[in-house]
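Asks: quick one, what's the 3D model for this:
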Amino acid sequence: MTSADALMTWLTTRTAEELTELLEQRRLPWTGAPGLDDPARLAEQLLGNASVATALAGLNAAEAQVLTAIAVLAEQLHGPAPRAAAPAGLSGFAGTQAAHRQGPGGGSGPDPAERAVPRTLLLGTLGGRAAAELDALAGRALLLPPHDDLLVVPALLHERVPELRGLGRPAGLLLTAAYRAGEVARVADALGLPRSRDRDEAQHLVEEHLRDAGRLRATLAGAPPEAAALLAVLVAGPPRLRTYCFVSDTGGYYGSGGKFLFRPDGSGDPGADWLADRGLLLPAGPDVAELPREVALALRDPDAPLPYDPVPPAVLALVPLPAGWAGEAQATATATASRVELLLRSTAAQPLAVRKAGGVAVRDTRRLAKASGSSEEQARLWLDLAANAGLVAPHRDAPPPTRGRRPAPPQPARILPTTRYDEWLVAPPAGRLVPLIATWAVTPEVFGHRPAAEETPVALVTPQDRYAVPLRHALLEALARLPDGYGLGPAAATGDLALGQLLSAAAWFRPGLHDEADRAGTAGGTATGTAGGVPAGTAGAAPGADALGRAAATLREAELLGVVAHGALTPVGHAVLGLLRAGADRWFPAVPGTGVRLGRHPALHAAVDALRTALAGLVPPPRTTARFQADLTAVVAGSAAPELTELLSSVADRESEGHAVVWRIGPASVRRALDAGSDATELAARLAEVSEGGLPLPQALEYLLKDTARTHGRMRVVRSACCVRSDDEALVLELSKVRSLARIGLRRIAPTVLISTAPPEETLAALRQAGYAPVLEAETGTTVVERAAEERAENPMPSLAQARRFLGRGPGTPAELAAAVLGLAPAAPPED
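Replies: Sure, this is the predicted structure:
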């Protein structure tokens with residue numbers, strides 16, 4: 001039986017839930033060819049190189065090492081496998097539709113079943129603990145059925161054994177692709193080789209020298225310590241390094257036909273320059289160098305055991321957690337819920353302008369930071385999370401009608417709260433944090449990291465960092481393994497040593513994590529990552545500066561959200577980790593936990609419920625009463641319930657934040673409540689109802705309400721021709737002589753009437769600014785209650801089905817495809 005036939009049979013024995021999970025892992029049917037409801041075609045798809053590479057990206061180091069061991073043992077038993085005709089580039093295997101149409105192995109090579117490895121041989125080589133990884137790989141269809149005494153893996157792994165072992169490409173391939181004759185001659189001279197007649201002879205001599213272990217060790221005897229240390233890391237693998245030893249010979253532009261020159265003034269790293277001069281580092285791409293395969297093979301111990309690390313490396317730079325660390329997480333999360341509320345209320349009151357270049361202007365960010373009591377960096381984070389959670393969105397008003405044929409230009413875009421915002425606002429603080437934290441978990445961006453110091457940070461960036469979520473997930477996995485009672489310490493005080501150890505532990509969960517973090521930024525570091533679509537190992541190379549910066553920014557964000565406290569996972573952090581383990585990030589831009597329906601996704605539903613429960617346990621319920629004091633302040637110990645916030649915000653100004661929120665009541669704030677239509681007697685009764693302990697309102701507050709109500713409305717602005725009238729003739733005479741009102745041109749035309757040159761709205765504003773309390777009156781003589789129009793944008797959050805839409809024929813979701821493959825009745829139409 002061929003591998004494809006065995007896999008086809010195995011697929012039809014899976015449960016619907018198991019097959020759905022496998023299809024989600026492989027991004028099917030979205031990335032596949034039509035007709036996958038046929039089990040035979042689905043088996044071929046799963047064995048194709050592109051699909052296998054997708055699955056390999058989700059492995060931890062132990063699982064990758066077990067697959068590597070199987071492929072290496074197969075090569076020892078059966079000889080090298082033929083490689084595909086089109087090898088993958090440095091950035092990993094990029095599957096195409098052609099790959100999906102290939103045979104089971106992705107090419108025309110032998111069936112993987114012909115290169116089977118005895119199970120006993122593998123377990124004897126790695127130890128019995130590897131059986132756990134074999135079971136996990138079988139569930140991912142990376143260890144192929146029938147799962148008996150022989151181990152079979154997909155063809156891609158046999159084709160990429162050198163990459164799996166952390167080896168670079170042959171020196172001849174790299175020299176030919178990167179250098180012209182002059183650079184090859186320079187390398188030969190540095191190695192002390194005799195002069196050659198032409199480039200081919202010189203290159204042949206260089207290759208022979210690099211293959212000869214004795215001559216190579218003699219060359220390395222004179223290596224400076226920094227070169228020897230760097231070479232030891234590259235020999236162990238992975239073989240690539242981000243460096244500036246070389247420069248393109250095409251004027252700084254990297255094209256397919258360009259070659260490389262040695263940088264005239266060096267890279268700034270003497271060790272890398274010494275290796276590059278002698279051909280031990282060769283150009284492999286823009287600012288990337290590679291150790292030739294011959295060098296690693298010559299210097300490696302041929303008797304060294306195959307690597308197998310069943311557990312991640314320990315993080316040792318830990319500190320004991322203080323007694324109140326959980327309380328700090330509670331205070332931080334509560335403050336975050338309050339500050340995001342203030343920021344979004346400010347956005348609702350004064351929508352944000354969108355820059356032509358994208359994002360929100362710095363002045364608007366500063367205004368929001370001041371309104372919410374946050375730093376500018378935090379305000380940008382809150383706004384970005386709110387946007388990706390569907391709480392704010394861009395909105396354009398309809399263009400005005402025109403008389404001619406040419407349409408009116410589009411109106412400028414503004415950032416408005418969405419229809420979802422109003423539901424969010426009435427939720428308790430724990431409920432408000434659910435969509436924000438769920439969005440942070442799955443959004444492909446590290447918002448707080450800015451690698452370019454000269455770059456002006458702006459809010460509302462487009463999330464496009466495909467390494468952010470893997471980094472976040474791996475860091476949380478590493479934190480979850482810390483011993484109880486210990487953490488890294490506060491995010492602001494975590495040093496590079498602790499961050500480096502945490503990143504090394506995180507790289508066990510995501511091989512190549514160091515390079516993914518560095519590659520997404522600009523700084524240097526050891527390039528690990530993938531080659532040929534397979535993990536290239538986790539050599540223990542130190543993470544680069546950009547990887548450290550991104551990890552630090554991730555921890556700062558997690559701390560602000562209550563996910564991490566003192567460098568340890570909180571219960572909320574464990575719930576976020578459960579959300580990522582359930583695959584919530586697969587559906588972005590749809591975000592489970594933001595209101596999208598999850599009835600057809602029980603694992604996601606359970607993960608969101610766990611997050612909601614953890615937050616309810618962390619953040620105390622909101623307070624429904626306030627303590628009114630004689631100094632005209634109202635104090636709420638903790639977070640206020642939405643109804644209480646609405647009431648106090650209507651009659652008072654928010655003065656301070658923290659463990660207690662303080663509102664101050666004054667004449668202007670009371671006038672604001674009366675302007676909005678409140679009655680003084682009713683307002684006093686409502687405030688008395690929410691007084692803590694049922695205590696009566698202070699006399700000073702009662703007097704303020706009565707006095708402000710008595711003067712409120714003594715003058716009225718009539719909308720018709722914008723005149724001001726009042727039954728108080730002395731007041732009218734006073735208004736006509738107030739200097740600060742000269743700009744609206746008040747003129748007395750009758751003992752009780754003034755006319756204004758300004759429109760009603762401007763006249764009202766000027767009078768209030770001067771300390772008076774007018775009300776607006778309609779042409780009929782009735783008082784007009786002024787309420788700002790509530791503008792809302794449409795909620796941009798797609799459903800899960802809309803976020804991953806299959807445009808081909810056949811089942812469009814993993815669940816539907818699983819049902820079709822298993823011959824089950826079609827599921828009900830998706831709720832989401």
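Asks: quick one: name whatever helix or strand follows the longest helix along the chain.
Replies: Longest helix in the chain, counting residues (DSSP state H): helix 325-349. Note on helix 325-349: by DSSP states H and E, the next helix or strand toward the C-terminus is strand 352-353.
Asks: low-confidence regions, the stretch 301-450 of the chain specifically.
Replies: The stretch 301-450 of the chain contains no residues with pLDDT under 70.
Asks: wait, the chain
Replies: In the chain, residues with pLDDT under 70: 83-108, 251-257, 451-454, 512-545, 658, 718-721, 785-789, 806-808, 826-832.
Asks: how's it carved up into domains?
Replies: Annotated domains of the chain cover 171-291, 325-398+412-536+543-618, 627-710, 714-772 [automatic domain parsing].
Asks: out of these, which is closest to Val821?
Replies: Closest approach to Val821 among the domains of the chain (Cβ to Cβ): domain 325-398+412-536+543-618, 16.9 Å. C-beta here means a position set from N, CA and C on the backbone, and glycine is covered the same way.
Asks: start to end distance for the closest one?
Replies: 12 Å (Cα to Cα, to the nearest Å).
Asks: figure out how far the helix or strand harbouring Ala819 is from the centre of its chain.
Replies: Per DSSP H and E: Ala819 is located in helix 814-822. Remark: helix 814-822 is offset 30 Å from the chain centroid, using Cα atoms, centre = their mean, to the nearest Å.
Asks: using PDB, write out every CA atom in it.
Replies: Provided in PDB are the C-alpha atoms of helix 814-822 (Å, rounded to 0.1, in the frame of the first residue of the first chain):
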ATOM      1  CA  PRO A 814     -12.800  22.800   7.700                       C
ATOM      2  CA  ALA A 815     -15.900  21.500   9.500                       C
ATOM      3  CA  GLU A 816     -17.900  21.200   6.200                       C
ATOM      4  CA  LEU A 817     -14.900  19.600   4.400                       C
ATOM      5  CA  ALA A 818     -14.500  17.100   7.300                       C
ATOM      6  CA  ALA A 819     -18.100  16.200   7.100                       C
ATOM      7  CA  ALA A 820     -17.900  15.700   3.300                       C
ATOM      8  CA  VAL A 821     -14.800  13.500   3.600                       C
ATOM      9  CA  LEU A 822     -16.400  11.300   6.200                       C
END
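Asks: tell me the helices and strands packed up against that helix.
Replies: The helices and strands touching helix 814-822, judged by 3 or more Cβ pairs under 8 Å, 6 or more residues apart in numbering; DSSP states H and E, are helix 16-25, helix 39-47.
Asks: the shortest one vs helix 814-822, what angle?
Replies: Spelled out, it's helix 39-47. 130 degrees (axes from the mean of the first three to the mean of the last three Cα atoms, to 10 degrees).
Asks: what's the first helix or strand after helix 39-47?
Replies: helix 49-56.
Asks: tell me which residues of the helix or strand following that next one come out buried.
Replies: Sequence-wise, the next helix or strand downstream of helix 49-56 (DSSP H and E) is helix 61-78. Buried residues in helix 61-78, counted by 16 or more other Cβ atoms under 10 Å: 61-75.
Asks: which residues touch Leu299?
Replies: By Cβ atoms under 8 Å, 6 or more residues apart in numbering, the residues touching Leu299 are Ala213, Leu216, Arg217, Leu231, Val235.
Asks: Pro620: how many residues sit nearby?
Replies: Pro620 is flanked by 15 other residues according to other Cβ atoms under 10 Å.
Asks: do the same with the one 10 residues further on
Replies: By the criterion of other Cβ under 10 Å, Ala630 has 9 neighbours.
Asks: and it, what element?
Replies: Per DSSP H and E, there is no helix or strand for Ala630.
Asks: hang on, the earlier thing: so which of the domains of the chain is the most surrounded?
Replies: Most buried of the domains of the chain by mean neighbour count (mean count of other Cβ atoms under 10 Å) is domain 325-398+412-536+543-618; its value is a mean of 21.
Asks: return the distance of it from the chain's centre.
Replies: The answer for domain 325-398+412-536+543-618 is 6 Å, by Cα atoms, centre = their mean.
Asks: over to stretch 158-173?
Replies: That offset, for stretch 158-173, works out to 32 Å (Cα atoms, centre = their mean).
Asks: what comes up buried for it?
Replies: 158-172.
Asks: between those, which is closest to Thr243?
Replies: Gly168 (13.9 Å).
Asks: Leu475 versus the closest one, what's the distance?
Replies: 29 Å (Cβ to Cβ, to the nearest Å).
Asks: what does stretch 608-618 rub up against?
Replies: 329-330, 333, 430-431, 433-434, 437-438, 562, 570-572, 574-576, 578-579, 592-593, 598.
Asks: show me those that map onto helices.
Replies: Short answer: the contacts of stretch 608-618 in helices (DSSP H) are 329-330, 333, 430-431, 433-434, 437-438, 571-572, 574-576, 578-579.
Asks: on that earlier part again, export the contacts of Leu299 to JSON lines and tack on secondary structure?
Replies: Converted to JSON lines, those look like this (DSSP: H, G, I helix; E, B strand; the rest coil):
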{"residue": "Ala213", "secondary structure": "helix"}
{"residue": "Leu216", "secondary structure": "helix"}
{"residue": "Arg217", "secondary structure": "helix"}
{"residue": "Leu231", "secondary structure": "helix"}
{"residue": "Val235", "secondary structure": "helix"}
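Asks: tell me the two of those that are most distant?
Replies: Spanning the widest gap among the contacts of Leu299 are Ala213 and Leu231, at 13.7 Å by Cβ to Cβ.
Asks: Glu779: neighbour count?
Replies: The number of residues packed near Glu779 is 10, by other Cβ under 10 Å.
Asks: in the stretch 201-350 of the chain, mark out all the strands, start to finish.
Replies: 240-242, 246-248, 260-262, 282-285, 288-290, 319-320 (DSSP state E, counting those that start in this stretch).
Asks: now for the second one, which elements pack on it?
Replies: By that I understand strand 246-248. Against strand 246-248 (3+ Cβ pairs under 8 Å, 6+ apart) you get strand 260-262.
Asks: how about the fifth one?
Replies: The contact analysis (3+ Cβ pairs under 8 Å, 6+ apart) places strand 288-290 against strand 240-242, strand 282-285.
Asks: closest one to Ser740 among the ones you listed?
Replies: strand 240-242 (64.1 Å).
Asks: sheet partners, orientation included, of that closest one?
Replies: strand 288-290 (antiparallel), strand 526-527 (antiparallel) (DSSP bridges).
Asks: any chance of the backbone angles for Pro667?
Replies: phi -60, psi -40 (degrees, to the nearest 10).
Asks: please read the previous query as pertaining to Trp663.
Replies: phi -110, psi 140.
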